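Asker: sequence-free structure coming up:
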């Protein structure tokens, strides 16, 4: 956790930064038993979600009455647990679902050689947002400020897939670099 303080007419402002890990999501890709051990173009799509994410309630409770804004600095993901010998690229469509049910697309991406990825990968950087939907990021920041939860939904399709069994279950995990602006009087 990092902090930065400044002082002005309205009192002391502090920026509190934290890295927050979200619980991993289990993802399973399947191929028909007759195609085990053969390279196939694509798997059936798989839908998964993170469940409710409420960073404020877990990480910033101490300053809940003084919060002025949240900033999402970066979002990372990591993959783990793809069985050795299995190979796949992943087409991933991500959306954010907010309390009340509104759904905003976040990003569509292809993870090439997903089976070979073990390090965390930068998905979004505030300084260079790329193709990430800024409306979705603003919605996450607003949800954090209002103390409401959101869910990341993903639709995944395996591409250029080679599995040594009819399914492979692996973990997809998100990490958020978040800064909260706090007004201390």
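Answerer: Ah, there it is. Source: prediction; values computed, not measured.
Asker: return the set of buried residues in the top strand by length along the chain.
Answerer: Ranked by residue count, the top strand of the chain under DSSP state E comes out as strand 167-184. Within strand 167-184, the residues that qualify as buried are 168, 170, 172-183, counting by 16 or more other CB atoms under 10 Å. In this view, the C-beta of every residue, glycine as well, is placed from N, C-alpha and C.
Asker: could I get those as a markdown table with pLDDT?
Answerer: A markdown table is the format used below for the buried residues of strand 167-184 (pLDDT from 0 to 100):
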| residue | pLDDT |
| --- | --- |
| 168 | 96 |
| 170 | 97 |
| 172 | 95 |
| 173 | 95 |
| 174 | 95 |
| 175 | 95 |
| 176 | 94 |
| 177 | 94 |
| 178 | 92 |
| 179 | 90 |
| 180 | 85 |
| 181 | 86 |
| 182 | 83 |
| 183 | 79 |
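Asker: report the contact partners of the closest residue in space to residue 174 that isn't next to it in sequence.
Answerer: Nearest residue to residue 174, sequence neighbours excluded (CB to CB, 6 or more residues apart in numbering): residue 22, at 4.4 Å. Neighbour list for residue 22: 50, 53, 152, 173, 174, 175, 176 [criterion: CB atoms under 8 Å, 6 or more residues apart in numbering].
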